[in-house]
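Asker: Quick one: sequence and predicted model below, then my questions.
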Amino acid sequence: MTPHALYRLVLVNSQYSEEEIKNLPLPVIREIVYRLMSVHLPIFVLPVLMVTWSRGQNLLFTIYALATSITLVHLIMLVKSNRRLLSPPLLLFICFILYVSTIMLIQKYTIFWSYAFTVGFYLLLEKRLSVIMNIIWVLINGSIAFYLFPFELALIYMLSLATCGFGIEIQSAILYRHEQNLKDLALRDPLTNALNRRAMMQELDKADALHKRYNTSASIIMIDIDHFKAINDNYGHQEGDTVLINFVATLSRRLRSTDSFFRHGGEEFTVLLQSTNLKDAASIADSYCELIRETHLSTKVAITVSCGVAEAKRGESVVNWLNRCDTALYNAKSAGRDCIKLA
């Protein structure tokens with residue numbers, strides 16, 4: 001069985017696509033580890049359950065039996081319908097209870113499973129919580145070790161556990177940064193660093209859902225740099241790239257904190273304006289035209305823009321919303337450019 005087939009089997013009924021499973025971003029890795037822990041926990045507990053029963057340790061047997069029952073129900077729900085009875089922190093907490101009780105009542109050398117927990121914190125918890133838990137984990141296990149073992153052995157164990165946790169946190173920071181870089185590559189235009197069309201469709205879907213649910217206003221402004229092809233033809237693509245970079249930098253400084261700015265075509269851009277009606281959006285678009293008109297984006301030619309503006313309507317799709325705005329932009333260009341038109 002190939003690794004991909006194994007991942008697909010583990011992630012049965014999950015929300016992840018084939019592409020995500022193939023690329024294995026951090027959320028998918030976390031889900032795989034979470035599910036594997038859910039599968040193996042009842043298996044690991046079963047032998048301990050039998051030992052406690054044979055020894056007549058009724059209280060401990062009851063704790064293990066209850067934990068086994070909960071994890072089995074959780075596993076069935078997870079596999080059948082992707083529903084979580086236990087969150088990752090709660091799953092780790094159950095593991096912790098079983099771990100400590102096993103150390104103190106059955107076998108003290110179970111403490112060496114603590115290294116697996118160190119890895120589990122990184123794979124199942126968010127970065128900041130993982131760091132906090134690893135620090136607490138070293139202190140808890142160090143205290144247990146000094147109680148159970150000679151001083152020298154306990155000290156070596158505690159230092160090795162801390163070193164392991166430190167190394168994992170360094171690797172975590174590297175992978176977290178790598179994950180952020182991958183997200184930026186997937187959602188940002190490499191030339192201007194503006195969000196791309198993929199990010200635009202995601203944000204428009206969110207804005208449309210909020211509009212339909214809470215009846216909040218939302219508008220979009222489509223912006224086209226006038227005669228951009230002529231700039232490339234007459235002055236070269238390097239000058240065209242300079243205009244695009246300067247345009248994004250200039251307009252980004254004018255955006256409000258709630259606005260989102262996207263490059264979805266060569267010289268075409270869109271601004272999503274949350275909680276903004278058509279009248280206010282038109283005023284903002286007019287200020288954009290004036291800003292670009294007064295800003296020297298190029299040393300070789302004056303730059304202007306045309307804008308189309310559309311407010312979201314109840315009952316219409318995102319595609320229709322975009323099409324209305326695109327039509328308004330076409331009307332602005334047909335009207336002589338350097339102006340705005342409303343959908």
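Answerer: Great, that's in hand.

Asker: Name the next helix or strand following the helix ranked longest in the chain along the chain.
Answerer: Counting by DSSP state H, the longest helix found in the chain is helix 151-187. Going down the chain from helix 151-187, the next helix or strand is helix 197-214, by DSSP states H and E.

Asker: Name the residues that touch that following helix?
Answerer: Applying CB atoms under 8 Å, 6 or more residues apart in numbering, the contact partners of helix 197-214 are 186-188, 195, 216-218, 220, 260, 262-265, 270, 272, 274, 312, 314, 317-318, 321-322. The C-beta positions use only the backbone N, C-alpha and C, and glycine is treated the same way.

Asker: now it and helix 151-187, what's the angle there?
Answerer: Here the directions of helix 197-214 and helix 151-187 differ by 90 degrees (axes from the mean of the first three to the mean of the last three CA atoms, to 10 degrees).

Asker: Sort out which residues of helix 197-214 are buried, please.
Answerer: 199-200, 203-204, 207-208, 210-211 (16 or more other CB atoms under 10 Å).

Asker: Take those residues and lay them out in CSV including pLDDT and distance to K108.
Answerer: Below are these laid out as CSV (pLDDT from 0 to 100; distance: CB to CB, whole Å):
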residue, pLDDT, distance to K108
A199, 91, 53
M200, 93, 58
E203, 93, 55
L204, 93, 58
A207, 91, 57
D208, 89, 59
L210, 87, 55
H211, 86, 60
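
Asker: which one of those sits closest to T118?
Answerer: Each of the buried residues of helix 197-214 was checked against T118 using CB to CB; the closest is A199, at 35.4 Å.

Asker: A helix includes F269, no?
Answerer: No. Per DSSP: H, G, I helix; E, B strand; the rest coil, F269 lies outside any helix segment and is strand.

Asker: Surely it touches A194?
Answerer: Yes. Between F269 and A194 there is a contact under CB atoms under 8 Å: 7.0 Å.

Asker: what's the overlap in contacts for those two?
Answerer: Residues touching both F269 and A194 (CB under 8 Å, 6+ apart): 248, 261-263.

Asker: how close does I140 get to R263?
Answerer: According to CB to CB, to the nearest Å, I140 and R263 sit 50 Å apart.

Asker: Compare the two and say which one has the larger neighbour count.
Answerer: The neighbour comparison of I140 against R263 (other CB atoms under 10 Å) goes to R263, with 24 against 14.

Asker: for the more buried one, what are its contacts?
Answerer: Taking CB under 8 Å, 6+ apart as the test, what R263 contacts is 189, 192, 194-197, 244, 248, 269.

Asker: Which of those are buried? Put it as a PyMOL command.
Answerer: For the buried members of the contacts of R263, the matching PyMOL selection, counting by 16+ other CB under 10 Å, is:
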select buried, resi 189+192+194+195+196+244+248+269
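
Asker: so where do the helices sit in this structure?
Answerer: For the chain, the helices defined by DSSP H cover 3-10, 18-23, 26-55, 58-81, 88-105, 114-124, 127-148, 151-187, 197-214, 228-235, 237-254, 278-294, 318-334.
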